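[1] show me the folded form of this:
(chains A and B)
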Amino acid sequence: MKIPEDFIYYLSLHEDCNERLLARAEGLTAGDVEVSQHLEVARIKKMVYAVMGEVHRMKAFVRLSFLGTSVLYGFFKPRHKIGEHICDHFARRNAGIIVVLGNGRESWISIFREDRIWQDHCQGLSETLERLKSALHCSEDGSNVEGLWQVYYDSQYCPERKNLVAFRRYMPRRDQEAAGIRLVQNKKNATLGEFLGESEGCTEK
Amino acid sequence: MVTLEKIAHLAEECRFDSMGPAASPAVLGVDAEKLSTLGEGTRHDVCASTFSPRETPLPGICHAFTQDGRCVTLFKTLYTNHCTHQCSYCTNSVNCSSKARAFSYTPEELAKITLSLYRSNYIEGLFLSSGAGRDEDRIMDKIVETARLLRQKFAFSGYIHLKILPGSARAHIQEAVELADRVSINLEAVSASHMNEMCATKNYESDILQRQRYIRDILSEASSANLPAGQTTQLVVGAAGESDEDIFERVLYEYKEIGVRRAYYSAFSPQRGTPFENRKSQPLWREHRLYQMDWLFRVYHFQPGEIRHAFNENGYLCNADPKMAIARVFMDLPLDPNTAEFRELLRVPGIGPRSAQRIVAFRKRQPIAVKAELAAMGVRIKRAAPFLKINGWRDTTLEMWQA
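    Sure, this is the predicted structure:
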């Protein structure tokens, strides 16, 4: 990853960011952060990478479901303060549709319309969805996209290439949980030994 | 910030926009066996790009990884698994004794599945390949129709990679180029004689190379907006006994003459019921080393003459980093990272483009004094140290001479 020009924005989203670090970062360029070996700058670099990494993985791993025809919602519990950023990303990707991301404690809501983002920060996800249901008079979508995905996902596995080390490195359990993913892969070919945890088998929570 | 009620009101108003809310079309009643069988048909196909200028690209985004560590970014599927070709390595060929039931999508069905998965953020786009059916032109027509539905009816702005079937008409290729972000036609083999051994029904020159030239010519005539991710190809590694050097020579031709954006390699693994069932499976490291060789040519800009030193006398790469093998031949004297040029730094094992850029930026501020500074810039010291000289000091270790 390369340190972006707007790295201070990413730094400000870190859960441990404070005013002093932001002030320190003000005097630095992306190039400074990239190559400097000063301890505090190295810490800033590490924090920026941590936020960028989580942003990237959440854009990839968060799954959305339809509520009626004009709301997409998904479970999302990030470590850093990236809720609004990620919600806006999905709103831009789905113009004209309300995007709600959240968990039991808080939720973010965005819509992209006429080249502009409108957003709100609300209570827990289920509460927000209830309010939207009554405001829009809509209900859950009947299609089973997750079921489709699971069948397709299982079809892509090549047993002769099995490499659980790579799988766990690229798809850490921590990030799967933050995005609310459930991956029970290749159930039809799983062995009893794998189920009992005797060998490296099913991955899931 | 606005209230939730205001946001709900804005969403309701979108019904009156010219486009309206691009809601997900319902995908009900998709046969799971069909979805699975046609998905399995593309397990060995590779596409690592999702670059589409139609929306802000998400570089390298992977929506999931399978337990083999490969990323799942696209909805990769066959349009149909019915095929009249006799490819000896393929489970869909007519001479496979354990063929799966034949299935086929309709363009509408496939477009709806793609859009549903895209809206729910499972994928970045569609990778559509197919068996040739009874008539490749009819299947190409359906493939193009699927892409047209996605782009025009559903205003789909995600990534589309279309496979061009061997022997397709130029008119279909033209349409595919206009709708897709990337098209590809699989070479599978390195030469006509190797192709004859793998598949008696495909003519290497006219069915494959000529179609690649069509794509190249269409691209050179068309506007630059067409096909932003270019043309690619894929080879089956080791099915017909070709050496790595044979593959390298073919790939050089593809890069220089056809203008493919990149080549993909898939190590041969024998499939049950196929004529090649009893052939030896190729080690995955062979595929990995070929990708490293490819990377040295495309990204590090090594000369073909340099890369050829990585092959042994039989034309194969060893199970070791080819960059290290080349460095042993060409790097007689250690390099000072404080004075070396960027392209010289790139030739040192353990130094990649990013770390080379960092070294160049760092030494403008202060000279590099110790190895730890290089390590902090992302250099893999263990590999690089035998080829470097810092402050006049050089590590004299056996590492340089070890495999």
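[2] longest single helix anywhere in the chain?
    Because you didn't say which chain, this covers chain A. helix A:39-61 (DSSP state H).
[3] oops, wrong one, chain B.
    Longest helix in chain B by number of residues (criterion: DSSP H): helix B:284-298.
[4] alpha carbons only: can I get that helix in CSV?
    Output of helix B:284-298 as CSV, limited to C-alpha atoms (Å, rounded to 0.1, in the frame of the first residue of the first chain):
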residue,chain,number,x,y,z
LEU,B,284,1.5,-25.5,-8.3
TRP,B,285,5.0,-24.1,-7.8
ARG,B,286,5.5,-24.3,-11.5
GLU,B,287,2.6,-22.0,-12.1
HIS,B,288,4.0,-19.7,-9.3
ARG,B,289,7.5,-19.5,-10.9
LEU,B,290,6.0,-18.8,-14.3
TYR,B,291,4.1,-15.8,-12.8
GLN,B,292,7.3,-14.6,-11.3
MET,B,293,9.0,-14.8,-14.7
ASP,B,294,6.1,-13.0,-16.3
TRP,B,295,6.3,-10.3,-13.6
LEU,B,296,10.0,-9.8,-14.2
PHE,B,297,9.2,-9.1,-17.9
ARG,B,298,6.1,-7.0,-17.5
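[5] now do it, average pLDDT.
    For helix B:284-298, the mean pLDDT works out to 95.
[6] that one near chain A anywhere?
    Yes: Helix B:284-298 lies within reach of chain A by Cβ under 8 Å from any Cβ of the partner chain, at B:L284. Yep, even glycine has a C-beta here, placed from its N, CA and C like the rest.
[7] run the chain-centre distance for that helix.
    Helix B:284-298 has its C-alpha centroid displaced from the chain centroid by 12 Å (Cα atoms, centre = their mean, to the nearest Å).
[8] and if you look at stretch B:66-78?
    Chain-centre distance of stretch B:66-78: 12 Å, with Cα atoms, centre = their mean.
[9] now do whichever residue of the stretch 201-350 of chain B sits closest to chain A against B:T91, distance only.
    Distances between the stretch 201-350 of chain B and chain A by Cβ to the nearest Cβ are smallest at B:S269, namely 5.0 Å. Distance from B:S269 to B:T91, counting by Cβ to Cβ, to the nearest Å: 11 Å.
[10] what do you get for B:V190?
    According to Cβ to Cβ, B:V190 stands 22 Å off from B:T91.
[11] quick one: average pLDDT of stretch B:327-338?
    Mean predicted lDDT for stretch B:327-338 stands at 91.
[12] picking that back up, the longest helix of chain A: what's the following helix or strand?
    Once the chain leaves helix A:39-61, the next helix or strand it forms, by DSSP states H and E, is strand A:65-67.
[13] give me the number of residues near B:A155?
    The number of residues packed near B:A155 is 12, by other Cβ atoms under 10 Å in any protein chain shown.
[14] over to A:E160?
    11.
[15] can you check A:R131 too?
    17.
[16] so it belongs to a helix, correct?
    Yes: using DSSP: H, G, I helix; E, B strand; the rest coil, the assignment for A:R131 is a helix.
[17] helices or strands next to the longest helix of chain A in the packing?
    Applying 3 or more Cβ pairs under 8 Å, 6 or more residues apart in numbering or on different chains; DSSP states H and E, we find helix A:39-61 packed against helix A:7-12, helix A:19-26, helix A:30-35, helix A:83-93, helix A:173-178.
[18] and the residue of chain A nearest chain B?
    A:A166 (2.6 Å).
[19] buried residues in stretch B:314-333?
    Under the neighbour-count criterion of 16 or more other Cβ atoms under 10 Å in any protein chain shown, stretch B:314-333 has B:316-317, B:321-328, B:331 buried.
[20] can you redo those residues as a markdown table with distance to B:D246 and secondary structure?
    Listed next are these as a markdown table, based on distance: Cβ to Cβ, whole Å; DSSP: H, G, I helix; E, B strand; the rest coil:
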| residue | distance to B:D246 | secondary structure |
| --- | --- | --- |
| B:Y316 | 10 | coil |
| B:L317 | 12 | strand |
| B:D321 | 21 | coil |
| B:P322 | 16 | helix |
| B:K323 | 21 | helix |
| B:M324 | 23 | helix |
| B:A325 | 18 | helix |
| B:I326 | 19 | helix |
| B:A327 | 24 | helix |
| B:R328 | 24 | helix |
| B:M331 | 27 | coil |
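[21] show me which of those residues is closest to A:D6.
    B:K323 (34.1 Å; Cβ to Cβ).
[22] what are the phi and psi angles of the residue lying closest to the closest one once chain neighbours are set aside?
    Closest residue to B:K323 apart from its sequence neighbours, by Cβ to Cβ, 6 or more residues apart in numbering or on different chains: B:P349 at 5.1 Å. With angles defined as degrees, to the nearest 10, B:P349 sits at phi -60, psi 140.
[23] for residue 108, pull up the helix or strand it's in.
    This is for chain A. strand A:107-113.
[24] my question was about chain B, not that one.
    Going by DSSP H and E, B:E108 is part of helix B:107-119.
[25] please save the CA atoms from that helix in CSV.
    Output in CSV follows, covering the C-alpha atoms of helix B:107-119 (Å, rounded to 0.1, in the frame of the first residue of the first chain):
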residue,chain,number,x,y,z
PRO,B,107,-29.3,-13.9,-21.0
GLU,B,108,-32.0,-12.3,-18.8
GLU,B,109,-31.5,-14.9,-16.0
LEU,B,110,-27.7,-14.4,-16.0
ALA,B,111,-28.0,-10.6,-16.0
LYS,B,112,-30.4,-10.7,-13.1
ILE,B,113,-28.2,-13.0,-11.0
THR,B,114,-25.1,-10.8,-11.8
LEU,B,115,-27.0,-7.7,-10.8
SER,B,116,-28.3,-9.2,-7.5
LEU,B,117,-24.9,-10.4,-6.5
TYR,B,118,-23.4,-7.0,-7.4
ARG,B,119,-25.9,-4.9,-5.5
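[26] do it and chain A meet?
    Yes: for helix B:107-119, a contact with chain A is found by Cβ under 8 Å from any Cβ, at B:113, B:116-117, B:119.
[27] which one of these is nearest to chain A?
    Distances from chain A to the residues of helix B:107-119 next to chain A, taken by Cβ to the nearest Cβ, are shortest for B:S116, at 4.9 Å.
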